[in-house]
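K.L.:
Quick one, fold the following:
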Amino acid sequence: MGSVIPLKKSVNNAYLDLRNHLDGKLDSVEKLIKNKLKSDVHLIKKMSDYHLNSGGKRIRALLTMGCAKLGGYAEGYRDVNLAACVELIHSATLLHDDVIDQSKVRRGNKTPNHIWGNQSSILVGDYLLSRCFEMMVEDGNLEILKLLSSTSTKIAQGEVMQLQYKGEADLLEENYIKIINLKTAALFAAATRVGACLSNLDIKKKDALGSYGKNLGLAFQIADDALDYFSKEKIFGKEIGKDFFEGKVTLPAIIVYQKSNPIERTFLINTFKKDIRNKKDFEEILKLIKKYNALEATFKRAEYFVNVSYDALGIFENSKEKDILQNLTSFSLNRSF
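P.N.:
This next block holds a predicted model:
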């Protein structure tokens, strides 16, 4: 498949550094989420427990608490409560995503919709969102409530926009960035900005942390789309080629289309328009990705957003938190999951 930019086999140290630096607060987030999702409805409890126990990096929760600590927040547990809110939004979108995409595997496990059906997954996802908004109201900060509410709207818009462009091989890179900005980067930006709000930082620093999260999220999603073409399922946790088989046009395919000749473009247009794409189609697009070094070009785009994210923290004084958060920007690229 060509000279792919190598990803580290081990987790980037900054990810573990951030977890450890927060003194076990991530465990508190997990406990709070499980407590808040208790229900007398047996199926809700069963599906929620299954979904939450299936793993996940909880990077959005870590970003919320890490940015709060960077800003000087040190007392109370509002950071834990709001980190849990951010994770509940993310978990709800995953449940809905798997229904839309008809996914069978996530994080190496069967998806809830594959086990219990689409209707149950949609409703339990709605339940997670409802509990999240109850927790936000309990926190009582109108700025944060408005921020996370608008973020939920953006995520929904991004998902619809992705459906709108499904199967369009000639998707503009500009529109691809708009999609991932809404469906992925918006929640990263909200997570980091919530940390700024908790710390009562001035508007410049709030904007800086928002930019840090947004660009980190863009890099994270671009890398995710590249991993879809060459990672290993047991490491990545999802079916390889999943986006391709679903007809989603992501950055590697966009770059191939930009560089391809008329015959190859016709193949791409016809392939993505088909109702069903097969393994032979996937092998052909892998050959084109190799021919045009599309994975290297994809990671080049991601590196740009990594650098913008890193530089956004320049406004803050040097500290342990700043070092960890800046080092974390490379995690989006130096990972295999």
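
K.L.:
mind listing what Ala302 touches?
P.N.:
Counting by CB atoms under 8 Å, 6 or more residues apart in numbering, Ala302 makes contact with 218-219, 222-223, 226, 332-333. For every residue, glycine as well, the C-beta is placed using N, CA and C.

K.L.:
Distance-wise, check the residue nearest to Ser199 when sequence neighbours are not counted relative to Lys31.
P.N.:
In space, and not counting its chain neighbours, Ser199 is closest to Gly71: 2.7 Å by CB to CB, 6 or more residues apart in numbering. Distance of Gly71 to Lys31, given as CB to CB, to the nearest Å: 24 Å.

K.L.:
all strands for this structure, in order.
P.N.:
105-106, 109-110 (DSSP state E).

K.L.:
Direction included, what does the last one pair against?
P.N.:
Translated: strand 109-110. strand 105-106 (antiparallel) (DSSP bridges).

K.L.:
buried stuff in stretch 73-90?
P.N.:
Neighbour-count burial for stretch 73-90 flags 73, 78-90 (criterion: 16 or more other CB atoms under 10 Å).

K.L.:
hang on, I meant stretch 188-203
P.N.:
Per 16+ other CB under 10 Å, stretch 188-203 contains these buried residues: 188-199, 201.

K.L.:
Would you reformat the residues you listed as JSON lines and include distance to Ala294 and pLDDT?
P.N.:
Shown next, in JSON lines, are those (distance: CB to CB, whole Å; pLDDT from 0 to 100):
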{"residue": "Phe188", "distance to Ala294": "24", "pLDDT": "98"}
{"residue": "Ala189", "distance to Ala294": "27", "pLDDT": "98"}
{"residue": "Ala190", "distance to Ala294": "31", "pLDDT": "98"}
{"residue": "Ala191", "distance to Ala294": "30", "pLDDT": "98"}
{"residue": "Thr192", "distance to Ala294": "30", "pLDDT": "98"}
{"residue": "Arg193", "distance to Ala294": "33", "pLDDT": "98"}
{"residue": "Val194", "distance to Ala294": "35", "pLDDT": "98"}
{"residue": "Gly195", "distance to Ala294": "35", "pLDDT": "97"}
{"residue": "Ala196", "distance to Ala294": "36", "pLDDT": "98"}
{"residue": "Cys197", "distance to Ala294": "39", "pLDDT": "98"}
{"residue": "Leu198", "distance to Ala294": "41", "pLDDT": "97"}
{"residue": "Ser199", "distance to Ala294": "41", "pLDDT": "96"}
{"residue": "Leu201", "distance to Ala294": "40", "pLDDT": "97"}
